[in-house]
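K.L.:
Generate coordinates for the sequence data below:
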Amino acid sequence: MSKNIGVVDRALRVIAGVVLIAYAIPIGFPSTGWNWVGWVGVVPLLTAFIGVCPLYSMMGVSTCKR
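P.N.:
From the prediction side, this is the model:
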């Protein structure tokens, strides 16, 4: 697969992933019954690190500079 995530997109995904995982652990957030939702933050972190978003691939979108 070719990379389809640009630099700004990667940075935003890392920030979103870290915030969501912090919510799941909970670091600095109150403990609620919904903290498990924060583990969804693994997905943006994973896609940011590998540089490929499967949804972007299916839609034919790329945020990389050509």
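
K.L.:
ok, which stretches of this structure are helices?
P.N.:
Secondary structure of the chain (DSSP state H): helices located at 7-24, 42-50, 54-59.

K.L.:
Tell me which residues touch the spatially most central residue of the chain, please.
P.N.:
What sits nearest the mean C-alpha location of the chain, by C-alpha atoms, centre = their mean, is residue 44, with 1.4 Å. Contacts for residue 44 (C-beta atoms under 8 Å, 6 or more residues apart in numbering) come out as 13, 14, 16, 17, 20. All C-beta atoms are positioned from the backbone trio N, CA, C, and that covers glycine.

K.L.:
Okay, the first one and residue 51: tell me how far apart.
P.N.:
What that stands for is residue 13. Distance check for residue 13 against residue 51: by C-beta to C-beta, to the nearest Å, it reads 10 Å.

K.L.:
do the third one as well
P.N.:
Computed as C-beta to C-beta, the residue 16 to residue 51 distance reads 16 Å.

K.L.:
same deal with the last one?
P.N.:
In this structure, residue 20 lies at 19 Å from residue 51, with C-beta to C-beta as the measure.

K.L.:
higher neighbour count, the two?
P.N.:
A count of neighbours by other C-beta atoms under 10 Å puts residue 20 above the other of residue 20 and residue 51, at 18 against 15.

K.L.:
mind listing what the more buried one touches?
P.N.:
37, 38, 39, 40, 41, 44.

K.L.:
Residue 6 too?
P.N.:
Counting by C-beta under 8 Å, 6+ apart, residue 6 touches 62, 63, 64, 65.

K.L.:
same check, this time on residue 19
P.N.:
Contacts of residue 19 (C-beta under 8 Å, 6+ apart): residue 41.

K.L.:
What score does it have for pLDDT?
P.N.:
We have a pLDDT of 92 for residue 19.
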